[in-house]
Every structure is written in C-alpha cells, then in structure tokens.
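Participant: Coordinates for the following, if possible.
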Amino acid sequence: MTQDTDWVRAQFPAFSQPSLQGQAFFENAGGSYTCQPVIDRLTRFYTERKVQPYGTYQASRLGGEEMDEARRRMAAILGVETDELSFGPSTTQNTYVLAQAFAQMMKPGEAIIVTNQDHEANSGPWRRLAERGIEVREWQINPETGSLEIEKLEELLDENVRLVCFPHCSNVVGEINPVVEITAAAHAAGAFVCVDGVSYAPHGFADVGDLGPDIYLFSAYKTYGPHQGLMVMRRALGQLLPNQGHYFNGDTLYKRFTPAGPDHAQVAACAGMADYVDDFAARHGTDTRGVHDTMRDHETQLLQYMLDSLRGRNDLRIVGPTDATLRAPTVALDLGRAAKPVAQAMAEHGVMTAGDDFYAVRALEAMGIDPAKGVLRLSFTHYTTKAEVDQALNALDAVL
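Facilitator: Numbering: from 1, shown residues only. Alright, predicted model coming up:
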C-alpha cells in the first residue's frame with residue numbers, strides 16, 4: 001500500500017511553521033515531531049482538566065477517563081492487556097526502577113545478560129547490579145558488522161541467567177534484531193527478556209504480544225507524542241517482581257513500577273498517538289498492522305535510496321547493514337573525524353542532524369570508532385520525503 005505522505009505531513013504542525021520551512025529534519029532518532037492529535041489533547045487537558053484526576057466532579061472525572069483511554073488504546077495497539085502498560089517519566093527512569101526490582105528478587109551469583117549494542121539507558125542500570133553480587137555477562141557485537149549474533153548469546157545462557165536485555169534495534173547500528181528468536185532462546189533457558197524498543201517504535205508500533213518479551217520499553221517523544229516512557233510489563237513477571245510503588249497500590253499491575261506520580265496531562269495526551277494511528281488506518285483503508293507495514297514500506301524505499309547513494313563513497317563508513325529491509329532508517333556514518341562540526345556545517349544547508357556518540361559509547365568503541373569523534377547520524381521516519389533525502393545527501397556532499 002502506498003503511503004499518502006502529503007496527508008501524513010498535514011498531521012504534523014511543524015511542517016507548516018514558517019521558521020522550519022526549507023529545513024529537512026534528520027534527527028528523528030533524538031525525538032520526532034509531534035502530531036496534531038497529541039497537541040490537541042495536551043492543550044485540552046491543560047486548559048480544561050488540569051486538576052487532580054479520578055475525582056467526583058466533571059473536570060476531574062474526565063481527566064481520569066482520558067488517562068485511562070490512553071492506557072487502554074495504546075495497550076491494544078501493542079497487543080497486550082490494558083493493565084500491562086504503564087507510563088513513567090522516561091524510558092531511562094523506567095529501566096532504573098526495573099533494575100531495582102530485579103536486584104531485590106535476584107540472589108548473588110545469578111546472572112543478567114546485557115549487550116554492548118545498547119543505548120546506555122538499557123545497559124548501565126543492569127550493569128550496576130554487579131555491585132550487589134549479581135553476575136553481568138556481555139553479549140558482544142560483531143566488531144565488523146555491529147550485529148548481535150544469536151550463537152554468541154547461546155554461549156552465555158545457562159541456568160543462572162534470570163534476564164536477557166537487548167535492543168529491538170540499536171540507535172547507531174540500526175539493525176533490527178530478531179526479537180522472537182532471541183526471546184525464544186532466552187525463555188528456553190529459563191530467563192526473562194527485556195527489550196529496549198526506543199529506536200524501533202518510531203517506525204511502527206510493535207505487537208509485543210506476538211513478539212513475546214516480558215518487558216518492552218519505548219519513549220513517546222520519539223513516537224510523535226509527549227515526553228513519557230511507556231513500559232509493557234507482562235503479568236507473570238510483573239506479579240513476581242517486588243512492588244516498587246506505594247505499598248497500598250501493589251495489587252494494581254500498572255502502578256507497581258511507577259513510584260513517582262504520573263504526569264497526568266502527558267499520559268492523557270498519549271491517547272493522541274492512538275488517534276493518529278486510527279486516522280492513518282482510516283485514510284489508507286487498513287488496520288493497525290497495516291499502519292505499521294505502510295510506514296515501514298515508505299521508509300524502506302527511501303532508506304535503500306539513501307544507502308545506495310552513500311555506499312559508493314570512500315570518505316565515510318556506513319555503520320550497520322546496507323540492506324534497508326534489515327534495518328531502521330537511523331543511519332550512523334563514521335567519518336574518521338569529528339562528526340559534530342560536519343553536522344553544524346550541514347545546518348547551513350538546511351539539514352537538521354547531529355554528530356555525537358548518542359549514548360552508544362560501548363557500541364562505537366567495539367566497532368573501533370572513537371566516541372570523542374562520534375558519528376554523523378541521519379535519522380528519519382515515515383513523514384520524510386525523497387526531496388528531503390536528496391537535500392541531506394547534497395548537503396553531505398557539499399560539506400565533505
């Protein structure tokens with residue numbers, strides 16, 4: 001199905017702002033533009049319902065109902081039960097809380113597996129558990145390709161492993177990891193699975209129920225929404241882990257791992273992401289799965305065009321696969337020199353991008369890239385056009 005990109009862009013007010021005209025946005029992996037339904041819901045909550053929710057009076061009741069709507073509709077999109085989805089201030093904070101829960105449940109000598117492909121947010125909190133006597137094993141990437149190879153994971157799995165943590169896709173390697181296969185291997189060894197979906201979710205919400213992990217995390221501000229972290233916690237694990245919230249909320253699954261009070265307005269505004277998915281589906285005559293596939297098809301075509309254009313250059317190295325079907329449109333380029341000045345120069349050509357280590361220091365070091373120099377990252381999503389890709393490629397050519 002062909003995406004109606006003109007319609008898509010009309011749903012994002014940023015594209016009609018005079019200050020952004022002529023600017024091609026290629027830092028979507030750092031945070032996407034916000035869609036109109038999210039802005040509308042956030043505005044309505046702040047103007048009409050900015051009171052303590054779940055009370056008896058109308059403004060309070062409506063505020064609570066909209067928060068419940070966000071959880072119910074987003075859980076349905078993700079293929080899980082409503083109370084298996086919780087909201088927190090960020091994915092980093094959600095992961096930190098999870099690590100504390102596992103630390104209480106695990107015994108010294110038991111093990112957790114992490115990768116060196118991850119953003120540090122899904123690695124650092126787990127690695128710190130070594131201070132409590134928990135063994136931390138590192139599933140290392142192939143230094144040439146940046147890939148995680150399941151054979152290497154199987155060498156690390158045994159009866160002592162309680163948790164395997166890995167990204168759905170890396171924010172610098174870009175390769176989409178086989179979540180179903182990895183999860184099956186971990187479960188067969190008796191381990192739980194935590195997937196960082198932050199870099200994948202902007203390219204289509206995953207059906208977590210089909211994929212099978214016990215935990216799945218992503219950030220709404222990268223999926224056209226507000227600055228909230230969404231966390232799927234499947235019931236069996238959620239009831240097993242020690243409660244991290246108020247003791248009297250321990251029987252409510254979605255409150256067990258949110259010790260801080262939620263941002264009521266932002267939680268409610270997350271229903272706007274579901275509005276956008278529904279509107280997209282109606283416009284294209286499809287369902288939720290079709291929305292994912294339509295977005296992905298559009299991105300894959302543009303991504304392959306970009307990769308083919310970059311592949312012949314001898315002044316850069318593409319990090320990760322050059323087959324667009326194997327990766328997300330988050331393209332990190334090793335320039336052999338400091339990337340930030342190149343990003344600054346590209347801004348003069350109307351291309352908004354960034355050069356940095358992107359909190360993936362371990363991955364860059366493993367691939368022989370100096371984190372101090374970083375990589376130039378061209379990241380886009382389904383609202384990007386071919387004209388914008390050409391603008392980015394021409395800017396890169398001019399700068400290099």
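Participant: Any buried residues in stretch 92-111, and which?
Facilitator: Across stretch 92-111, burial judged by 16 or more other Cβ atoms under 10 Å covers 92-103, 106, 110-111. Heads up, the C-betas are built off the backbone N, CA and C, glycines and all.
Participant: in which helix or strand would I find Trp126?
Facilitator: helix 124-127 (DSSP states H and E).
Participant: Buried by neighbour count: which residues of the next helix or strand after that helix qualify?
Facilitator: Per DSSP H and E, the first helix or strand lying C-terminal to helix 124-127 is strand 135-139. Neighbour counts over strand 135-139 (16+ other Cβ under 10 Å) mark Glu135, Val136, Arg137, Trp139 as buried.
Participant: Export these to TSV and append columns for pLDDT.
Facilitator: Output for the buried residues of strand 135-139, formatted as TSV (pLDDT from 0 to 100):
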residue	pLDDT
Glu135	98
Val136	98
Arg137	98
Trp139	98
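Participant: Among the residues you listed, which one sits closest to Phe358?
Facilitator: Trp139 (19.8 Å; Cβ to Cβ).
Participant: Please tell me I have it right and the closest one contacts Leu156.
Facilitator: Yes: look at Trp139 against Leu156 with Cβ atoms under 8 Å: they come within range, at 6.0 Å.
Participant: so what's the closest residue to Gly133 other than its chain neighbours up against?
Facilitator: Among residues not flanking Gly133 along the chain, Pro108 sits closest, at 3.1 Å (Cβ to Cβ, 6 or more residues apart in numbering). When contacts are counted by Cβ atoms under 8 Å, 6 or more residues apart in numbering, Pro108 touches Arg132, Gly133, Ile134.
Participant: do you know how far the last one is from Asp214?
Facilitator: To Asp214, Ile134 is 18 Å away according to Cβ to Cβ, to the nearest Å.
Participant: The second one now?
Facilitator: The gap separating Gly133 from Asp214 is 23 Å, by Cβ to Cβ.
Participant: out of the two, which sits in the more crowded spot?
Facilitator: Neighbours per residue (other Cβ atoms under 10 Å) separate Gly133 from Asp214, with Asp214 holding more: 24 against 12.
Participant: before we move on, back to that, tabulate the contacts of Pro108 (JSON lines), appending distance to Arg9 and pLDDT.
Facilitator: Listed next are the contacts of Pro108 as JSON lines, based on distance: Cβ to Cβ, whole Å; pLDDT from 0 to 100:
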{"residue": "Arg132", "distance to Arg9": "49", "pLDDT": "94"}
{"residue": "Gly133", "distance to Arg9": "53", "pLDDT": "96"}
{"residue": "Ile134", "distance to Arg9": "47", "pLDDT": "97"}
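Participant: Out of the residues you listed, which comes closest to Ser60?
Facilitator: Arg132 (41.8 Å).
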